[in-house]
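Enquirer: Coordinates for the following, if possible.
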Amino acid sequence: MRRILFSLFSPILIGVLLFLILFVVRVNAAPTGTIATPANFKVAFIGDSGAGNNFNQVLNLIKQEGAQLVLHQGDFGYGTPASGWTAVVNQQIGSVFPYLGSDGNHENWADYAPFFQNQVTTHNIPVAFGSVASGNYGAEYRGLYMVFNNKEQADSLFPQKALANDNHIWKVCSWHENRNDFQAGGKSDSVALETYQGCINAGAIVATGHEHSYSRTYSLSDLNAPRHGVFGQPGVMEVAKGNPGKSFVFVSGMGGNGIRDYVDSMHDDDGWWATIYTGNQTTGGSNRYCKNTCTKADLSGQDKTRDIASYNYTFGALFITFNVDGNPYKARGYFKNVAGQVIDEFEIYAEGGGGTPPPSASPTVGATNTPAPTNPNCGPLGDINCDGQVKFDDLTTLINAYATIHQMADLDKSGIVAIFDLSLLLKNYQGGGTGGVPTPTPTLPSAQTGDLSIAVCDPGAGPFSLTIDNPFFPLPVGQVRVLEDPGGFKVQISVLNQTEVVAGVTTRVVEEREWQNNNLIEISRNWFVQAPDKTVCYYGEDVDMYQNGQIVSHSGAWRAGVGQNKPGIIMPGIPAVGQKYQQEIAPGVAMDRAEHMSMGGTFTTPAGTFTDVMLVQETPPSTKRYQRNVGLIYDDGALLVPPL
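Expert: Next comes the predicted model:
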């Protein structure tokens, strides 16, 4: 696809960009370890679930968010037998990815240990220390080292021993119960302080449950020091080995069994909370929600003046993605509830001695809950220069900003100035100009037909956008679509809140799960990004092929930038009949092509009748149909099903 580039990079702009780059460059000190997780490895943390509908909703959320591992911090079935609880987990998650847990106070560990032992065996997870049967065990999965502590075994130093001499970058200590200072409700001190400190000294994240709410501390160090050695910014966590080390503590106890409140009398003088999310469903406390604003600037106690007054309280899970932004020593966390609301957001940096996270990574202490303004246009849409009219100077500004990031000229808020912004401006264009400049007669570029060049997707052809809003291939984060055919085939396509750096380009991860007769046969993680002209580029995929619940191959996997592999076009910026293009360029693996056969057609699926449908024929032989502003509705006999 031909692109019109008007970007003008002045020396001043280049200087500003260089300044920004230098400002955010961060040099890691000695790391907590050297063994890394895969890029964008996402883990879900929950606790206190029960086995009812609430738990089912949380498990469904975990699937939709694209987690690759679940850590359950105790209290599973409550009144439901272990067999009933495990049946819920197996039905929702099956053997797709591991589900590991810690002993809680509402069950007999011996009833649940066989399930977790089966998880360890099925997924070939080595237990490096202790045993699953005892509830005290250290295990490693995909570069993440996890230590599970069974309080009933009365070994407060077990985590410290299990973490001795460990060389993983990322480590998690998981147990159920709490100390009063490290939860926001009414729980007492039922875990030894030295158990927490042993994990913090090892640079391990401390994950707990028990209290049925969500709370996260600042970074902590010496727990015997005033305010437990709190330091840093509320949205930037630091983990490091040392004596004392650095880490943080969270409670994620909202797996589905009840909700609890904030106990004012116990915690108003706490000076270490970053985020608290509680309800008012029990006596003796209050509802409270604060996001990176809970604690006073001087860390002397809680600052309720900045709490969020109106919010929904419901169940959810904490998600932490390790090895993000191409940095094995960086992670990103967020808590999301089943209503789709992101309750908490933070970043984590693993290091071994000193170092400061980038100052732009998170709000500092004292930040407010007010979101950053979006800088709307001053007058009609297209009034970039804020003089109340859409004139030639606005058009000039947009043209000069084309294919760059420009907040005012980015009229559709896609993240980059492109053709659609020009189209929006022209709708309100009033002619005339400033300074005697004559009225222009601009025209939009027309769609190219015939063979399209894949150069538009070349890694050097950016800047690219993670906001993929091509009308025929929209990929908003959180979107889940399902297609089914009468022969028992089903595919679920989920746009994940994850990115993957491929050939130096940060791409959006889209997961596809395929079943045949309810048997999982494939999971792929596809990488897409949008070019300045809204062409959607395809940068490859990771593939796991399944048989009888086990991965048997990675057939079809490829990655742009490896060998002769190149990114292809999955959808042109301006689709038209007669266009032909390469979708996958991976010699010996995939060389798929596509051709647009017709547009404006009508097609009916169980999700409804669509009246602006584009028909695409692919090679190797495949037929697809796309509806404007919806996306894929037909794929070789599989039809889009509700809900949309």
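Enquirer: What ranges does the stretch 351-500 of the chain have for its helices?
Expert: Assigned by DSSP state H, counting those that start in this stretch, the helices in the stretch 351-500 of the chain fall at 392-400, 419-427.
Enquirer: The chain too?
Expert: With DSSP state H as the definition, the chain shows helices at residue ranges 11-24, 53-64, 82-92, 109-122, 158-163, 193-201, 264-267, 392-400, 419-427.
Enquirer: Adding distance to Tyr539, write these out as CSV.
Expert: To be clear about C-beta, it is placed using only N, CA and C from the backbone, and glycine gets the same treatment. Compiled in CSV, the helices of the chain are given as follows (distance: least, C-beta to C-beta, whole Å):
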stretch, distance to Tyr539
helix 11-24, 23
helix 53-64, 23
helix 82-92, 30
helix 109-122, 31
helix 158-163, 37
helix 193-201, 38
helix 264-267, 47
helix 392-400, 28
helix 419-427, 22
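Enquirer: Indicate which one of those is closest to Val132.
Expert: Nearest to Val132 among the helices of the chain is helix 109-122 (4.6 Å), distances taken as C-beta to C-beta.
Enquirer: Identify each buried residue in that closest one, please.
Expert: Trp109, Tyr112, Ala113, Phe115, Phe116, Gln119, Val120 (16 or more other C-beta atoms under 10 Å).
Enquirer: backbone phi and psi for the residue nearest to Met254 when sequence neighbours are not counted, please?
Expert: Nearest residue to Met254, sequence neighbours excluded (C-beta to C-beta, 6 or more residues apart in numbering): Phe315, at 4.8 Å. Backbone torsions for Phe315, taken as degrees, to the nearest 10, come to phi -80, psi 160.
Enquirer: Can I get stretch 458-467 as PDB, trimmed to CA atoms?
Expert: The C-alpha coordinates for stretch 458-467 follow below in PDB (Å, rounded to 0.1, in the frame of the first residue of the first chain):
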ATOM      1  CA  ASP A 458       8.700  -3.200   7.300                       C
ATOM      2  CA  PRO A 459      10.000  -2.600  10.800                       C
ATOM      3  CA  GLY A 460      11.600   0.600   9.700                       C
ATOM      4  CA  ALA A 461       8.400   2.000   8.100                       C
ATOM      5  CA  GLY A 462       6.800   3.100  11.400                       C
ATOM      6  CA  PRO A 463       6.000   4.600  13.700                       C
ATOM      7  CA  PHE A 464       3.400   1.900  14.400                       C
ATOM      8  CA  SER A 465       0.400   1.900  16.700                       C
ATOM      9  CA  LEU A 466      -0.900  -0.600  19.200                       C
ATOM     10  CA  THR A 467      -4.400   1.000  18.700                       C
END
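Enquirer: what's the distance between the residue nearest the centre of the chain and Val43?
Expert: The chain has Asn497 as the residue nearest its centroid, 3.3 Å off, counting by C-alpha atoms, centre = their mean. Separation of Asn497 from Val43 (C-beta to C-beta, to the nearest Å): 14 Å.
Enquirer: on that earlier part again, indicate which one of the helices of the stretch 351-500 of the chain is closest to Val456.
Expert: Minimum separation from Val456 across the helices of the stretch 351-500 of the chain (C-beta to C-beta) falls at helix 419-427, 12.2 Å.
Enquirer: Looking at the closest one now, give me its mean pLDDT.
Expert: The average pLDDT for helix 419-427 rounds to 77.
Enquirer: who's in contact with Gln627?
Expert: Contacts for Gln627 were tallied using C-beta atoms under 8 Å, 6 or more residues apart in numbering; they are Phe472, Phe603, Phe610, Asp612, Val613, Met614, Ile633.
Enquirer: what about 6 Å?
Expert: The contact partners of Gln627, by C-beta atoms under 6 Å, 6 or more residues apart in numbering, come to Phe610, Val613, Ile633.
Enquirer: Count the neighbours of the residue nearest to the last one when sequence neighbours are not counted for me.
Expert: Spelled out, that is Ile633. Sequence neighbours aside, Leu640 is the residue nearest to Ile633 in space, at 4.2 Å (criterion: C-beta to C-beta, 6+ apart). As a burial measure, Leu640 scores 24 neighbours (other C-beta atoms under 10 Å).
Enquirer: can you check the one 3 residues further on too?
Expert: Other residues near Pro643 come to 7 when the count uses other C-beta under 10 Å.
Enquirer: what do you get for Gly601?
Expert: Per other C-beta under 10 Å, the neighbour tally for Gly601 reads 14.
Enquirer: Same question for the one 5 residues further on.
Expert: The burial metric for Pro606, expressed as a neighbour count using other C-beta under 10 Å, is 11.
Enquirer: from memory it sits against Pro643, does it?
Expert: No - using C-beta atoms under 6 Å, Pro606 is not in contact with Pro643, being 10.6 Å away.
Enquirer: measure the nearest residue to Phe420 once chain neighbours are set aside to Cys173 for me?
Expert: Residue nearest to Phe420 in three dimensions, not counting chain neighbours: Asp412, with 5.3 Å by C-beta to C-beta, 6+ apart. Separation of Asp412 from Cys173 (C-beta to C-beta) stands at 45 Å.
Enquirer: and these two? which has more neighbours close in?
Expert: Between Asp412 and Cys173, counted using other C-beta under 10 Å, Cys173 has the larger neighbour count: 29 against 16.
Enquirer: before we move on, the earlier item: quick one: contacts for the residue nearest to the centre of the chain?
Expert: For Asn497, the contact set (C-beta under 6 Å, 6+ apart) comprises Val477.
Enquirer: cutoff 10 Å now
Expert: 42, 64-66, 319, 321, 332, 334, 336, 342, 477-478, 508-509 (C-beta atoms under 10 Å, 6 or more residues apart in numbering).
Enquirer: which among the residues you listed end up buried?
Expert: Among the contacts of Asn497, those classed as buried by 16+ other C-beta under 10 Å are Lys42, Gln64, Glu65, Gly66, Phe319, Thr321, Arg332, Tyr334, Lys336, Val477, Arg508, Val509.
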